[in-house]
Structures are given as structure tokens and as C-alpha cells.
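[1] A predicted structure for the sequence below; I have some questions about it.
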Amino acid sequence: MTPPHREQRTARPPATSRRGDHRTSHGDEVVVERVGAALVVHAAGTDDPALRALAATLPTTPAPIVVDAAGVPHAALFGRLASAVATAVDEGARTFRVVGRDLPRVDPGWWRRLADRTGAELLVPSGPVTVAGATLFVHGADEDSAGTWWRYAPGVPAVLLGARHPVPSWQPAVPEEPSTVHGLLVTQHLPGGVLLRPATTALDTRWRVVPADPDHLTVIAGVPGGPHVRAADVASYLGSIPEKARATARLACGTGQDVVALGCDTAEFLGSGVTVVDGTPVVREDRIEFVFHDLSGAATWTPYLQEIHCLAGATTAVPRRWRAPRPDLAPYLPGAFRVTDRWLLVVMRSGLWLRQVSRPWHPVPVGRSVNPAVKVIAVGDPGESLPDDVWPLVSDLLDDIAPSALRRVRLSVLGVPSRRGREALEELTGRGRVDLRASVPT
């Protein structure tokens, strides 16, 4: 015998087109619209463009359902939602992720019964949801805490998934409730990880839109304009999470203090290594990048050293991961890329270093100090004679930099240019392309 809800679907009136979306009215109380891949459910007689805008921003997998339950009796919502979900199941969908306003504050059995009736798996948040790229993050009762996603499937108990969906590998290691570290730092949840900040400071809201890296927990210490964070407090937090998650975590600084110095001191307290990243996370073209910012909060440049490992008991940090200065350059040695038969381009924490292939190998420089507002291009080794063919390479490097960013570039000439080289250098600096300063790579 056909179940009652299937009979309702058979008897429903045909959907009508509305502004490119498919709208179906069920009785006089509830409307179900299809907006792209999403189902939008709301009270009849209401028309909130924000709901459709939200639906358009959601990832298409799992199948999204946007619900505005304000003013809708739970019984009517249940029947209409069951009908719409069951229809989508017939069309091949199996898992649905629910977001919206005024979701039914009823016994979790309400959602379990909906799953049983429709044969669908339902992912339902416990509170408001922030969409951060592919990550949907559930907020808790206050700003510092996190909520959770619940999974309801037919015939089985509900499962608590945690605050982020899709679930990153490190999520089970991060406590969901807010906590303090030595009474000084508040642990605030973010879609991409956690923020450790003094209780008197506020979150930088830009970090709310950064999605989770599925394999790496990001721990941000401090906020712009706030006081520096103590290594002992960071070590206390990192030491409280399981070793597997801690080993793949990345520490960043939001205060502007030197992250390598903080990471090395933290490693000493922990007695184990700490991986750090310069800059703070942003989203660019659907990718997570760590970018330097100046004192005003404006983004400056993207570090070439992307991960630096600080070891307990070591006198220096070790580069762990880097990016190529240009996509056409092939790796030659760790952190070094061959530009010509004579010249290498080596990444440094402070920028780039043009060196001759014939020079003794120098490990990738990882100094304890870097100016986030300045990108350094170093040329040659101290005291060496600089062949004239280096200057066209320098000019090419500058051509690759946007004109608006050139004011942040500093040319550090470590070698000794020839007469023709000095003329080329005067041409580069005389036209105001870059500033010249004498410094040793750090």
C-alpha cells in the first residue's frame, strides 16, 4: 500500500515558475520553492529575497534545504517538508543539509520522524549557521561557543557531528565549549579552527568567512591591536588537544608579534615541535591563503614560506613548505628554483633571493624578524661580484608585481655591481619602481 505521504505528493498541484525558480504551494500555510539545487521552505504570503540569496550561496552537496519556520505551525511544516524531501529522494537525493531561521525547537524526535518517513539522511544545526566557503559552521549560545550539527538517519539514533560540516579530520579533537587558558585567554571557535584571545579583545570578523582546512587545525593567537600572547598560554592550549591533531595544527599570530619566536618558545614549553605560518588566513579564489597585513589591517603580500617548523631545543626554525615565486619555475633544491643556467631564485621569509648556482648552498633563510609591510628582493651574496645578466632578471621579477604593490618592495643588493650594473640599478630605482636598501637576507 502506498504510504500516506506518497499519496499527498501524487495529489499535489503542479509547480509554477516564478522568477526562474520553481514554486509549489502546499495548502494555505507553506510554500516550497526550488532555487538552483536548494529547496526553500517558508510561510505562504511571505517573500524574503534573503532566503533565496542564502540558498544561492550554499554548496550543492549535500542537497541544501533553507527553512524559514517563522509563523508556520510545526505540524504543517512537517507535512510539507516531508512531501518535498520525499520527492527529492525519489529523484535520487539521499542526504540533505538544513539551514534557516526559526527551525523547529522541538524534540529531536521531530527530525528523526522526518528522516524515517522520507528515507532521507538529514543534517540539522543546533543554532545559527555561518557559510564560510565550503564549511558550514554552527554557532552556540554565545559568541565564544560553538553549536553542533546533528545527523538524523532512518531507523538509527541521532549522531552529534560537531560545529563544522563537512567534518574536518581534527574536529573531534577540539572541545566545543568555550574555555580559558590560565585565566587569560578565551578560546573562540571559528570555521577554520580556534582563536586564542584576551577576554577584553574582540574577534577580527574577517576570520569568520575562512573555511576549514580538512587536514589542519588553524590556531590564531591574539587579534590585531591586542596585546601579545604568551607562549606558555599557547602551549597550554596546544597541550590540551590530542597529539595527532596537534602535530598537524598550524599556529598563526593575529597581533603582529613574530610567529617564529612565539612558535619556538611554545615548542620549548611543550617539549615538541610547533608548525607556524606567517600572516593570517584569507580566502582568495576559493583557496585558503595566509597573507601579511600592515598595521591598518590592509593585506600586503603572500609569504613564500608557507609553513615553518619550530623544534624544541633547536637554535633555529626549519622551513617545511613553500610556494614557487612563478608557476613556470622548476624546483632545483629545497626552497630554490632555477631561473637560468647561472641563477637561482631562493625563497626567504622576508621575500626572494637571487643567487648564483655556483655559490655554496645556503639553507633557506628563516629569520626571527620580518616586516609584513615590506617584501625584500635580495641580489647576490655579500662581497661577490655581480654579473650584468642579473639585472634583466631583477626587472622581470618587478614586472611580475602589480604596480600598486611595488611601493612595498625593497631591493637589497648584497653583491658588488659592475659599472653597467650600477647604471641598471639606477634605472630601476631612479624611475621610482622600487626602493634600494642595503641589508642581509634574514
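    Done, it's in. Numbers count the residues shown, from 1 in each chain.

[2] For the rest of this, base every contact and every neighbour count on C-alpha atoms.
    Noted.

[3] so where do the helices sit in the stretch 1-150 of the chain?
    Assigned by DSSP state H, counting those that start in this stretch, the helices in the stretch 1-150 of the chain fall at 4-11, 49-57, 74-90, 109-118.

[4] Specify the stretch among these that is closest to residue 426.
    helix 49-57 (50.9 Å; C-alpha to C-alpha).

[5] which helices and strands sit right next to the closest one?
    strand 30-35, strand 38-43, strand 63-68 (3 or more C-alpha pairs under 8 Å, 6 or more residues apart in numbering; DSSP states H and E).

[6] Would you mind putting those into a markdown table with mean neighbour count, mean pLDDT and distance to residue 389 alongside?
    Shown next, in a markdown table, are the helices and strands packed on helix 49-57 (neighbours: other C-alpha atoms under 10 Å; pLDDT from 0 to 100; distance: least, C-alpha to C-alpha, whole Å):
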| stretch | mean neighbour count | mean pLDDT | distance to residue 389 |
| --- | --- | --- | --- |
| strand 30-35 | 23 | 88 | 59 |
| strand 38-43 | 24 | 90 | 58 |
| strand 63-68 | 23 | 92 | 58 |
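
[7] Which stretch among those strands approaches residue 350 most closely?
    Here strand 63-68 is closest among the helices and strands packed on helix 49-57 (C-alpha to C-alpha), at 43.9 Å.

[8] Okay, angle between that closest one and helix 74-90 too, please.
    160 degrees (axes from the mean of the first three to the mean of the last three C-alpha atoms, to 10 degrees).

[9] For strand 63-68, name the packing helices and strands.
    strand 38-43, helix 49-57, strand 95-101.

[10] and residue 185, which of the helices and strands packed on helix 49-57 is closest to it?
    Of all the helices and strands packed on helix 49-57, strand 63-68 comes closest under C-alpha to C-alpha, at 35.9 Å.

[11] got the end-to-end distance for stretch 129-144?
    End-to-end distance of stretch 129-144: 14 Å, with C-alpha to C-alpha, to the nearest Å as the criterion.

[12] Distance from it to the middle of the chain?
    13 Å (C-alpha atoms, centre = their mean, to the nearest Å).

[13] before we move on, what about stretch 279-288?
    With C-alpha atoms, centre = their mean, you get 6 Å for stretch 279-288.

[14] Pick the most buried one from the helices and strands packed on strand 63-68.
    Counting by mean count of other C-alpha atoms under 10 Å, strand 38-43 has the highest mean neighbour count of those, with a mean of 24.

[15] Would you list the strands that that strand pairs with, along with their directions?
    The strands beside strand 38-43 in its sheet (DSSP bridges) come out as strand 30-35 (antiparallel), strand 63-68 (parallel).

[16] Dump these to TSV, plus distance to residue 329.
    As requested, the strands paired with strand 38-43 are exported to TSV (distance: least, C-alpha to C-alpha, whole Å):
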stretch	distance to residue 329
strand 30-35	44
strand 63-68	41
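
[17] Identify whichever of these lies nearest to residue 200.
    strand 63-68 (35.2 Å).

[18] now the angle between strand 95-101 and the closest one, please.
    20 degrees.

[19] Give me the residues contacting strand 63-68.
    37-43, 51, 54-55, 58, 93, 95-103 (C-alpha atoms under 8 Å, 6 or more residues apart in numbering).

[20] Turn the helices and strands packed on helix 49-57 into JSON lines, columns for distance to residue 364.
    Listed next are the helices and strands packed on helix 49-57 as JSON lines, based on distance: least, C-alpha to C-alpha, whole Å:
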{"stretch": "strand 30-35", "distance to residue 364": "51"}
{"stretch": "strand 38-43", "distance to residue 364": "49"}
{"stretch": "strand 63-68", "distance to residue 364": "46"}
